[in-house]
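K.L.:
the following block contains a protein sequence and its predicted model.
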Amino acid sequence: MSQSKSQLRGNGFTFKRFFIAHDRCAMKVGTDSILLGAWAPVAQATRILDIGTGSGLLALMLAQRSAETVAIDAVELDSDAALQATENAARSPWAQRVHIHQADITEWAARQEQRYSLIVSNPPYFTPGPACATSARDNARATHTLNHESLLHCAEMLIGEEGFFCLVLPEDEGKRFSSMALARGWHLRFRNDVAENSTRLPHRVLLGFSPAAGEVLEERMVIRGPDGRYSPAFCSLTQDFYLFM
């Protein structure tokens, strides 16, 4: 199964029900966000928050999957990315439900009174090192402006009692993040270890935490089968979004 050329455009990515322009965003549309947007539990969600929305991809995926009554806030620090996310949301079928906020999440969170039943984030995960070509890409990839402790603190301020905080990280970073979250009183409720294929170790992990204790659902998924085609599990998860499925 190959990716359709019609899905890729020079300035963005075409999904079944919306288009994401990302030419002014440091981080482009990628598998990590698509996995998280298709996986995060929305069945009981009444209000959703996307931290570090970038192009707005996660916010629009969750808008597509959630009930029409669910409002979605998406916060982005970079002004160019926030403007592009605003434009992407305005062109989508869910323009009235998705609200983009250009702000520092640590300052924005402190001003909020409402709580969210679902918070998602595809956060920075590289520790600071050699600078990237642009400061925007550097901030998007590395934990300069939002380290994981600060991210957890913001989620703690904004999550509802029975809510879920879901994110995607490299496997090693996921272990460290989980240890930090559990030490701060979060409970791991969902985990999905993602490998490229059955011969490789998982390289990404989808994590779901809650302030409330409960049953833990742990899964493992491969993206591609032995023949190199996308696996049935990956297709089932993402078929509502990719044009070629």
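P.N.:
All right, it came through fine.
K.L.:
low-scoring stretches of this protein, by residue?
P.N.:
1-10, 126-145 (pLDDT under 70).
K.L.:
that one: strands as residue ranges?
P.N.:
8-9, 12-14, 19-21, 47-51, 71-76, 98-102, 116-121, 159-170, 187-195, 204-210, 217-222 (DSSP state E).
K.L.:
contacts for stretch 193-201, please.
P.N.:
35, 171, 202-206, 218-226 (C-beta atoms under 8 Å, 6 or more residues apart in numbering). Just so you know, the C-beta spots here come from the backbone N, C-alpha and C atoms, and that holds for glycine as well.
K.L.:
got the contact list for the closest residue to residue 182 other than its chain neighbours?
P.N.:
Nearest residue to residue 182, sequence neighbours excluded (C-beta to C-beta, 6 or more residues apart in numbering): residue 188, at 6.8 Å. Applying C-beta under 8 Å, 6+ apart to residue 188 gives the contacts 178, 181, 182, 207, 208, 209, 216.
K.L.:
residue 188 and residue 226: what is the separation?
P.N.:
31 Å (C-beta to C-beta, to the nearest Å).
K.L.:
so residue 93 is in contact with residue 16, correct?
P.N.:
No: using C-beta atoms under 8 Å, residue 93 is not in contact with residue 16; the gap is 11.1 Å.
K.L.:
just put the strands of the chain in CSV and tack on distance to residue 243.
P.N.:
Formatted as CSV, the strands of the chain follow (distance: least, C-beta to C-beta, whole Å):
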stretch, distance to residue 243
strand 8-9, 10
strand 12-14, 6
strand 19-21, 11
strand 47-51, 23
strand 71-76, 23
strand 98-102, 21
strand 116-121, 23
strand 159-170, 22
strand 187-195, 22
strand 204-210, 23
strand 217-222, 21
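K.L.:
can you show me the helices along this protein?
P.N.:
Using DSSP state H, the helices of the chain run over residues 31-39, 57-65, 79-91, 105-110, 135-141, 148-158, 171-183, 232-238.
K.L.:
ok so, going back, adding distance to residue 66, write the contacts of residue 188 out as TSV.
P.N.:
Below are these laid out as TSV (distance: C-beta to C-beta, whole Å):
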residue	distance to residue 66
178	26
181	24
182	28
207	20
208	16
209	19
216	23
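K.L.:
check the burial of residue 60 by counting its neighbours.
P.N.:
30 (other C-beta atoms under 10 Å).
K.L.:
correct me if wrong: it contacts residue 89.
P.N.:
Yes: counting by C-beta under 8 Å, residue 89 is a contact partner of residue 60 at 6.6 Å.
K.L.:
what touches both of the two?
P.N.:
residue 98.
K.L.:
who wins for proximity to residue 46 among the helices of the chain?
P.N.:
Proximity to residue 46 (C-beta to C-beta) singles out helix 57-65 among the helices of the chain, at 12.4 Å.
K.L.:
could you list every helix and strand in contact with the closest one?
P.N.:
Applying 3 or more C-beta pairs under 8 Å, 6 or more residues apart in numbering; DSSP states H and E, one finds that helix 57-65 makes contact with helix 31-39, strand 47-51, strand 71-76, helix 79-91, strand 98-102, strand 116-121.
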